[in-house]
Each structure stands twice: as structure tokens, then as C-alpha cells.
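Engineer: Build the 3D model from these lines:
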Amino acid sequence: MSGARPSWYKPDVGLSMRMVLTIFLLGAVYVVFGVVLAFVAHVPMPLLIAIAALIAFAQFFYADKIALFSMRAREVSEAEAPQLHEMIGRLAARPTCPSRASRSSIPAFPMPSPPGAARITRWSP
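Structural biologist: Numbers count the residues shown, from 1 in each chain. So this is what the prediction gives:
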């Protein structure tokens with residue numbers, strides 16, 4: 001696979017800036033959490049490092065489950081949502097869009113579409 005971008009790809013500077021801001025703010029939350037634990041609650045540094053490692057481990061391995069839980073979504077089989085699986089299969093067939101088409105989820109409530117996005121019909125579970 002070549003490193004060249006497809007001709008239709010246009011970078012979204014606004015999205016990139018929001019992602020950088022989000023990463024910075026999440027880092028700031030961790031720093032504030034660490035400072036409060038270290039200086040206000042007088043937690044020893046080894047325990048603080050162990051807590052940070054535990055949180056990082058949990059986020060890395062359970063992020064998908066946390067996201068599904070926060071949206072009250074559930075995984076659906078191909079029999080439950082054939083249109084969804086078909087759409088994901090088409091996306092996964094594109095060389096620029098790798099995906100795991102075997103697992104699909106539907107949120108329990110309507111999700112807002114980003115500005116300028118095409119409307120997608122919502123499948124009932």
C-alpha cells in the first residue's frame with residue numbers, strides 16, 4: 001500500500017484542532033488528578049504511579065465497552081440489522097477503510113450527525 005492519500009481526501013483542520021484540544025484537556029485532567037492525589041491527599045508516589053497504570057490499562061482494554069455502555073448501545077447480529085452489516089461490509093471492502101465487520105452496534109437513542117454528513121436511516125433493533 002502506497003503512502004499517497006486518495007485524491008478525494010481533504011484534511012479537516014478544524015477536526016484536527018478539536019482532537020488536539022481534547023487530548024490536551026484529557027492530559028490536563030490527569031495532571032490535576034495526580035496533583036490532588038499527591039499533594040492534597042498525600043498519596044505516595046509509587047501508589048500514584050500504580051493507580052495511573054491501572055487507569056491506563058483499563059482505558060486501553062475496555063474503551064470499546066465503555067463507549068458502548070455510555071451510549072446504551074448493544075452489539076447486533078447480521079440477522080437483526082442486515083442493512084447495517086451490509087454498509088459496514090462495503091466500507092470494510094475499501095482499501096482505505098479497514099474495519100471489523102463482524103461486530104456492529106446500534107445506540108439506544110438517536111445520535112446527532114456531524115454537520116455536512118449524509119443522513120443515514122436508523123435501523124430499529
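Engineer: buried stuff in stretch 33-50?
Structural biologist: G34, L37, L48 (16 or more other CB atoms under 10 Å). No exception for glycine: its C-beta is placed from N, CA and C like everyone else's.
Engineer: Show the contacting residues for the last one.
Structural biologist: Contacts for L48 (CB atoms under 8 Å, 6 or more residues apart in numbering) come out as G34, L37, A38.
Engineer: And the average pLDDT for the strand or helix carrying Q83 is what?
Structural biologist: Per DSSP states H and E, Q83 falls inside helix 82-93. Averaging pLDDT along helix 82-93 yields 85.
Engineer: and it, what other elements does it pack with?
Structural biologist: Taking 3 or more CB pairs under 8 Å, 6 or more residues apart in numbering; DSSP states H and E as contact, the helices and strands that helix 82-93 lies on are strand 104-106.
Engineer: Show the average pLDDT along the strand it packs on.
Structural biologist: 66.
Engineer: Which elements pack onto the host helix or strand of R18?
Structural biologist: Element membership of R18, judged by DSSP H and E, is helix 13-35. When contacts are defined as 3+ CB pairs under 8 Å, 6+ apart, helix 13-35 sits against helix 45-70.
Engineer: Report the buried residues of the helix it packs on.
Structural biologist: For helix 45-70, the buried set under the neighbour-count rule, 16+ other CB under 10 Å, comprises L48.
Engineer: same thing with stretch 12-31?
Structural biologist: Buried-residue list, stretch 12-31, by 16+ other CB under 10 Å: empty.
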